[in-house]
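Participant: Predicted coordinates and the sequence they were generated for:
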Amino acid sequence: MEQFLSDLTLIRDGVLNSTADLWVPLVETVATMPTWALAAAGAGALALIGVLLFGGRRLRGGDRLDRPDPVLRAQPETDNWQPAPPQGVTPAPMDPVPLPDTPEIQGLAEILAERGIDDRVRDGRLRSFAGELDDLRARLGTVSAGSPAAARLLHDARGAIASGDIARGTDLLIRAAEEEDTTGHKHAWTAGIHGRAAALTRLVAGDLLAARGDAEEAVTLFRLAADAAPEDDLELRVECLGRLGALAHGREDYKAARKHFAAALDLLEKSGADGHPDLGGILNNLGLACDLAGDAKSAEQYYQRALAADEAAWGDDHLNVAAVVNNLGLYYRRRGKTQAAEPLFRRAVTIKEKRLMPGDASLALSQVNLAAALRALGREEDAQNLERQAGLPPPEPPETEEPMDEDSLETGEDGGEPAAQEDTETNERPVPAG
């Protein structure tokens, strides 16, 4: 023990001697500083410590988990329905909101145009990007760099993105994350700070790559972000897994999407976050991945759990609840269980009528889903009334067909009603609670 203490003393003296040229002028300067200057310096040091410890967190309430991309709450896009001109006094579906005229939107539009992306896909990507732009800007503004080199790269990246140079901004973000990795490996005691900054920076860069259509590169960045996220940062780790799941879903790789959403759910459950307000979103997305992957039994269970979680977290008439019951109704309809689907579609319509403006596209799509269910149940007049409210023209009279034998009629899985066509609600994005 004596030898150990002696070694510590020698190390201490060596460090002090080697830094004497730095410490002596500093001590002399501090000794001559007035009291107000010392107080200001102390306050500045405390502020810096606070930024290092708590900076770079996601917005929306500090530790609140970002809900997985709401587009996953809808079924895959179909061309079964297009809005028609208004019939009489019936409100027509609302026209698309014009895209914001910002440098970021213009920069992404130029990239997509150069790649020959067709107008419909390009418009969809630009609208998705526009919906995420405020969050992207806020995230970039709150990422605290762990080194001067990373700070300069982040500063330049923010400027490039704000000016519309998306490609250069993305490259600078990737370099900033790599700089954080390098610094974190050198200084173990601040590794968590650097890891968090690297993960957040890569999430933004991955979002930019995904918006450009570079899915493979985005997947790589999201995986690196998940690896860099500190073990004790549950929110960030779940967010990274949610990004991976959303990207896999968009590529129709439902097996991978299920794996990532299941991993996110496992993290929440192990942490005891049963009442987490975003638990319903993860369960819903997991149910949708199972549904589209063909695991019907698991899909129904996850949808039911998602509905219970969202009702507990948001209330019975929230748009998140409407999205879940819509998906559950579509699940039943595709399996010929229209009697079970009809009240779910009706509940979705009721919630949206309360929360959305007449003529809203999301409301109209739910009305169409309910109308299809009512028609399958033989309630043609009610179905046509709903379609008029949604802005659809009256159906054309059916052509006369030869009668079919009973044996040739298509039946559902349970031997009951005919299997339903996919009356799917496309690109639904629940509006956040006001």
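Facilitator: Thanks, I have it.
Participant: other SSEs contacting the helix or strand hosting Gln384?
Facilitator: Secondary-structure assignment from DSSP states H and E places Gln384 in helix 380-390. Counting contacts by 3 or more C-beta pairs under 8 Å, 6 or more residues apart in numbering; DSSP states H and E, helix 380-390 is packed against helix 361-376. Just so you know, the C-beta spots here come from the backbone N, C-alpha and C atoms, and that holds for glycine as well.
Participant: quick one: the helix it packs on to helix 380-390, angle?
Facilitator: Helix 361-376 and helix 380-390 are oriented at 170 degrees to each other (axes from the mean of the first three to the mean of the last three C-alpha atoms, to 10 degrees).
Participant: Going forward, the N-terminal residue is numbered 11.
Facilitator: Sure, I'll start counting at 11 from here, so that last one is helix 371-386.
Participant: if we can go back for a sec, average model confidence for the helix holding Gln394?
Facilitator: The average pLDDT within helix 390-400 is 89.
Participant: okay, it in PDB with CA atoms only?
Facilitator: In PDB, the C-alpha atoms belonging to helix 390-400 read as follows (Å, rounded to 0.1, in the frame of the first residue of the first chain):
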ATOM      1  CA  GLU A 390     -76.200  -0.400 -50.400                       C
ATOM      2  CA  GLU A 391     -78.100   2.800 -49.600                       C
ATOM      3  CA  ASP A 392     -75.900   3.500 -46.500                       C
ATOM      4  CA  ALA A 393     -72.800   2.700 -48.500                       C
ATOM      5  CA  GLN A 394     -73.800   5.200 -51.200                       C
ATOM      6  CA  ASN A 395     -74.500   7.900 -48.700                       C
ATOM      7  CA  LEU A 396     -71.000   7.500 -47.200                       C
ATOM      8  CA  GLU A 397     -69.400   7.500 -50.700                       C
ATOM      9  CA  ARG A 398     -71.200  10.800 -51.500                       C
ATOM     10  CA  GLN A 399     -69.900  12.300 -48.300                       C
ATOM     11  CA  ALA A 400     -66.400  11.100 -49.400                       C
END
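Participant: Enumerate the positions of it that are buried.
Facilitator: Neighbour-count burial for helix 390-400 flags 393-394, 396-400 (criterion: 16 or more other C-beta atoms under 10 Å).
Participant: for stretch 165-177, same thing?
Facilitator: Quick answer for stretch 165-177 (16+ other C-beta under 10 Å): 166-168, 170-171, 174-177.
Participant: Sort out which one of the residues you listed lies nearest Arg132 for me.
Facilitator: Ile176 (14.0 Å; C-beta to C-beta).
Participant: Tell me the pLDDT of that closest one.
Facilitator: At Ile176, pLDDT is 93.
Participant: is it true that it touches Gly117?
Facilitator: Yes. Applying C-beta atoms under 8 Å, one finds Ile176 in contact with Gly117, separated by 4.5 Å.
Participant: Secondary structure element for Pro240, which one?
Facilitator: Per DSSP H and E: nothing holds Pro240, as it lies in no helix or strand.
Participant: Which pLDDT value belongs to it?
Facilitator: Per the predicted model, pLDDT is 91 at Pro240.
Participant: count of residues packed around it?
Facilitator: 15 (other C-beta atoms under 10 Å).
Participant: Give the full set of residues in contact with it.
Facilitator: 201-202, 205-206, 246 (C-beta atoms under 8 Å, 6 or more residues apart in numbering).
Participant: With pLDDT and secondary structure as new columns, can those be given to me in JSON lines?
Facilitator: Putting the contacts of Pro240 into JSON lines (pLDDT from 0 to 100; DSSP: H, G, I helix; E, B strand; the rest coil) gives the following:
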{"residue": "Ala201", "pLDDT": "87", "secondary structure": "helix"}
{"residue": "Gly202", "pLDDT": "88", "secondary structure": "helix"}
{"residue": "Gly205", "pLDDT": "91", "secondary structure": "helix"}
{"residue": "Arg206", "pLDDT": "91", "secondary structure": "helix"}
{"residue": "Leu246", "pLDDT": "89", "secondary structure": "helix"}
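Participant: These into TSV, with extra columns for neighbour count and distance to Asp133?
Facilitator: Below are those laid out as TSV (neighbours: other C-beta atoms under 10 Å; distance: C-beta to C-beta, whole Å):
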residue	neighbour count	distance to Asp133
Ala201	18	43
Gly202	17	41
Gly205	22	37
Arg206	23	35
Leu246	25	32
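Participant: closest to Ala161 among these?
Facilitator: After measuring the contacts of Pro240 against Ala161 - C-beta to C-beta - the closest member comes out as Arg206, at 14.8 Å.
Participant: Let me know whether the closest one touches Leu246 as I believe.
Facilitator: Yes. With contacts counted by C-beta under 8 Å, Arg206 reaches Leu246, the gap being 6.5 Å.
Participant: what's the overlap in contacts for these two?
Facilitator: With C-beta under 8 Å, 6+ apart, Arg206 and Leu246 have common neighbours 239-240.
Participant: which residue ranges form the helices in the stretch 61-210 of the chain?
Facilitator: Assigned by DSSP state H, counting those that start in this stretch, the stretch 61-210 of the chain shows helices spanning 113-124, 129-152, 158-172, 176-196, 201-222.
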